[in-house]
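Visitor: all I have is the shape, not the residue letters:
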């Protein structure tokens, strides 16, 4: 049931109709996606600057993944679909509707951080209003949660799907196997979205997997496995949209693998020069999803150099201002350290 | 009031809860068509169907993980881990996920799940069908642990656990399933999670226990009352976490002596926390050293009855310990 996309979609565009129109994306959609990608990049870069300035003790970056993230999120319906992202998904949570200010509160661990009120490390998002599920640092644990959510939606006849993302390292974990197995058995409406950046911290994919693609594993779970160029917004969008449609149609789960690369270290505490060459990083930067998407937008006349620079400047200004604002917000009150260990309301409300 | 055993109490309470509330579901290995290896879920599959009684693959981590997700989705899942000895693959989901969801989300998310766990020795289960696992979870705030061993306590606490907004580990002692019978309250009967229960009032010493050793303590106390005129107060913790420190301390202040008995290993067990609490809060009331009686610190319960008996605390040992402490 595995397949990989054949001809790059861009080549097909040359035949006449534009890729994005064929995929049902409007000009506004494209510009909105582009802005979100640029904002996600700017956010990550600002977070890293805050770390180097000593203003925050830690951060995680996802730059390089923005194309895959924003394209996948575009296939989801906020408030309808449940979303279980992981700690690189800045582009996902921004696209779904978390604001730059909300995310910056998380970087500083401020009291008003909507994900955790300063209890968790940065980028461990959660937001009930957007059905973004709270996450932890151990990887893969969210995959069985996706199955449970999908089970609940199915038995309660609720419309929508569950989208869960993870890195390539997760494919080695037991919870990955257990979750895909269960979802496959019961044809649950789940989209498993792997952002394969080829490294589990320092361990290269060749030392993590005996098969060349994460998507190859889908065959064992009776679901399609689709591997796409994760830095090609349209390929990711097409594969994810099809997976969402399959799930909505009751045809079951799909494993989508977006092959991408993280341009930075694993976290602010990591030095990726210890395990990969600068040449390798430089080669992947040639395939940076942001300039690549910009080139398409320019090709179809939606963007010019001036607008490109303006969007970048605007995003950088937004994250800079949000950082300054977030830094000035109140810290968590030490008196609240023991709050929310258990529910403060009585039993029987179910949540 | 009907008399039932502990196993029937578990099953009938699940049946009542599922009959009343569509959100309640059970999941685990062999819980469906088979009705569970102890028959604790017998009849549920036929009555409520496969959407609500889910036979899972043999995969404990996802049994708990799926329960967590289903709870996010508005259901009230009751997961079964077939034997406590097999809970270890699910520890990540229990300790890193279930227990921390409310805290890490600053109250935005909760985790109303129940994990039913048949546990305990004395059933010729060997190393891997006998374990007590409560100490493993006892130092995890965010979890609740209950361990009722009478049919009425099972009903009241299982209903409370199902509707509790936080994750509850529901320990069922396997030896109690058929051996312990008692009155089973009809209809709506909910006991609060937290308070311990004074199962027998007494003035000479306090015995704190739970599980099968609590029944040993009760029997020994009755015998010693008749034979020696010793009146032991027996406290059944019922809820291990959060621990009802007040009931324990108040009792020791009255009796001046404390014996803690459990079937889990001595070191790092619940009894250590009970003893420390009394040392902290009632030291000046003590007339004797605090005494603990627990399983030997060996890796698990060995198979041969002679070895098993040598490892687990017995009723005779409980009786002897009560007598010694009373005479101190």
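Guide: Done, it's in. On a predicted model such as this, the values are computed, not experimentally measured, just so you know.
Visitor: would you mark the buried spots in the longest strand along chain B?
Guide: The strand spanning the most residues in chain B, taking DSSP state E as the definition, is strand B:258-265. Under the neighbour-count criterion of 16 or more other C-beta atoms under 10 Å in any protein chain shown, strand B:258-265 has B:258, B:259, B:260, B:261, B:262, B:263, B:264, B:265 buried. All C-beta spots, glycine's among them, are computed from the backbone N, C-alpha and C.
Visitor: give me the buried positions along the helix or strand immediately after it in the chain.
Guide: For strand B:258-265, the succeeding helix or strand toward the C-terminus, using DSSP states H and E, is helix B:270-281. Counting neighbours by 16+ other C-beta under 10 Å, one finds that the buried residues in helix B:270-281 are B:270, B:271, B:272, B:273, B:274, B:275, B:277, B:278, B:281.
Visitor: likewise stretch A:319-333?
Guide: For stretch A:319-333, a neighbour-count test (16+ other C-beta under 10 Å) marks A:319, A:322, A:323, A:326, A:332 as buried.
Visitor: return the subset of those residues lying in helices.
Guide: A:319, A:322, A:323, A:326 (DSSP state H).
Visitor: near chain B, list only the ones from those residues.
Guide: Residues of these in contact with chain B (C-beta under 8 Å from any C-beta of the partner chain): none.
Visitor: follow-up on the earlier one: wait, which of the buried residues of helix B:270-281 is closest to chain A?
Guide: residue B:273 (16.9 Å; C-beta to the nearest C-beta).
Visitor: what residues does residue 108 make contact with?
Guide: Since you didn't name a chain, this refers to chain A. Residues in contact with residue A:108 (C-beta atoms under 8 Å, 6 or more residues apart in numbering or on different chains) are A:50, A:55, A:56, A:118, A:326, A:327, A:329.
Visitor: my question was about chain B
Guide: When contacts are counted by C-beta under 8 Å, 6+ apart, residue B:108 touches A:114, A:115, A:126, A:127, A:128, A:134.
Visitor: go on, residue A:140?
Guide: A:166, A:170, A:173, A:174, A:175, A:176, A:179.
Visitor: also residue A:261?
Guide: A:64, A:197, A:198, A:231, A:281, A:284, A:287.
Visitor: and the pLDDT for the fifth one?
Guide: The reference is to residue A:281. pLDDT recorded at residue A:281 is 96.
Visitor: cool, residue A:297 as well?
Guide: At residue A:297, pLDDT is 97.
Visitor: so which helix or strand takes in the closest residue to it other than its chain neighbours?
Guide: In space, and not counting its chain neighbours, residue A:297 is closest to residue A:303: 3.8 Å by C-beta to C-beta, 6 or more residues apart in numbering or on different chains. Residue A:303 belongs to no helix or strand when assigned by DSSP H and E.
Visitor: ok, residue A:303 to residue A:125 distance?
Guide: Residue A:303 sits 29 Å away from residue A:125, going by C-beta to C-beta, to the nearest Å.
Visitor: residue A:141 too?
Guide: Counting by C-beta to C-beta, the separation of residue A:141 from residue A:125 is 15 Å.
Visitor: more neighbours: those two, which one.
Guide: Taking other C-beta atoms under 10 Å in any protein chain shown, residue A:141 and residue A:125 do not tie; residue A:125 has more neighbours (29 against 24).
Visitor: residue boundaries of the strands in the stretch 151-300 of chain A?
Guide: In the stretch 151-300 of chain A, the segments counted as strands under DSSP state E, counting those that start in this stretch are A:162-167, A:190-196, A:199-200, A:203-204, A:225-229, A:254-259.
Visitor: what's across from the closest residue to residue A:341 other than its chain neighbours in the sheet?
Guide: Leaving out its chain neighbours, the residue that sits closest to residue A:341 by C-beta to C-beta, 6+ apart is residue B:141, at 5.1 Å. Under the criterion DSSP bridges, residue B:141 forms beta bridges with residue B:143.
Visitor: doesn't residue B:102 make contact with residue B:141?
Guide: No. Checked against C-beta atoms under 8 Å, the pair residue B:141 and residue B:102 is beyond contact range at 10.5 Å.
Visitor: shared neighbours, these two?
Guide: Shared contacts of residue B:141 and residue B:102, defined by C-beta under 8 Å, 6+ apart, are found at residue A:341.
Visitor: and the closest residue to chain B within the stretch 251-351 of chain A, backbone torsions?
Guide: Nearest to chain B in the stretch 251-351 of chain A, going by C-beta to the nearest C-beta, is residue A:343, at a distance of 3.8 Å. With angles defined as degrees, to the nearest 10, residue A:343 sits at phi -60, psi 140.
Visitor: can you pull the contacts of it?
Guide: Residue A:343 makes contact with A:349, B:102, B:110, B:165, B:166 under the criterion C-beta under 8 Å, 6+ apart.
Visitor: and the helices in the stretch 51-200 of chain A, which stretches?
Guide: In the stretch 51-200 of chain A, helices defined by DSSP state H, counting those that start in this stretch lie at A:66-73, A:90-96, A:100-108, A:142-155, A:174-186, listed in chain order.
Visitor: winner for burial among the ones you listed?
Guide: The highest mean neighbour count among the helices of the stretch 51-200 of chain A, using mean count of other C-beta atoms under 10 Å in any protein chain shown, belongs to helix A:66-73: a mean of 31.
Visitor: counting contacts, what elements does that helix pack onto?
Guide: Helices and strands touching helix A:66-73, as assessed by 3 or more C-beta pairs under 8 Å, 6 or more residues apart in numbering or on different chains; DSSP states H and E, comprise helix A:27-52, helix A:90-96, strand A:162-167, strand A:190-196, helix A:233-248, strand A:254-259, helix A:289-299.
Visitor: what does it rub up against?
Guide: So helix A:66-73 is in contact with A:33, A:36-37, A:40-41, A:62, A:83, A:88-92, A:94-96, A:163, A:165, A:193, A:195, A:230-234, A:236-237, A:240, A:256, A:258, A:260, A:289-290, A:292-293, going by C-beta under 8 Å, 6+ apart.
Visitor: quick check: buried residues in stretch A:189-209?
Guide: A:189-200, A:205, A:208-209.
Visitor: just give me the closest of those to chain B.
Guide: Comparing these against chain B with C-beta to the nearest C-beta places residue A:190 closest, at 9.9 Å.
Visitor: and that closest one, what does it touch?
Guide: A:146, A:147, A:150, A:161, A:162, A:163, A:164, A:183, A:247, A:253.
Visitor: out of those, which touch chain B?
Guide: Filtering these for neighbours of chain B using C-beta under 8 Å from any C-beta leaves A:146, A:147, A:150.
Visitor: closest one of those residues to residue B:230?
Guide: Nearest to residue B:230 out of the ones next to chain B among the contacts of residue A:190 is residue A:147 (C-beta to C-beta; 55.3 Å).
Visitor: wait, the closest one touches residue A:187, no?
Guide: No. If you go by C-beta under 8 Å, residue A:147 and residue A:187 don't touch, sitting 11.3 Å apart.
Visitor: now do the same contact list for residue B:119.
Guide: Residue B:119 is in contact with B:83, B:84, B:131, B:132, B:133, B:134, B:171, B:172, B:173, B:174, B:211, counting by C-beta under 8 Å, 6+ apart.
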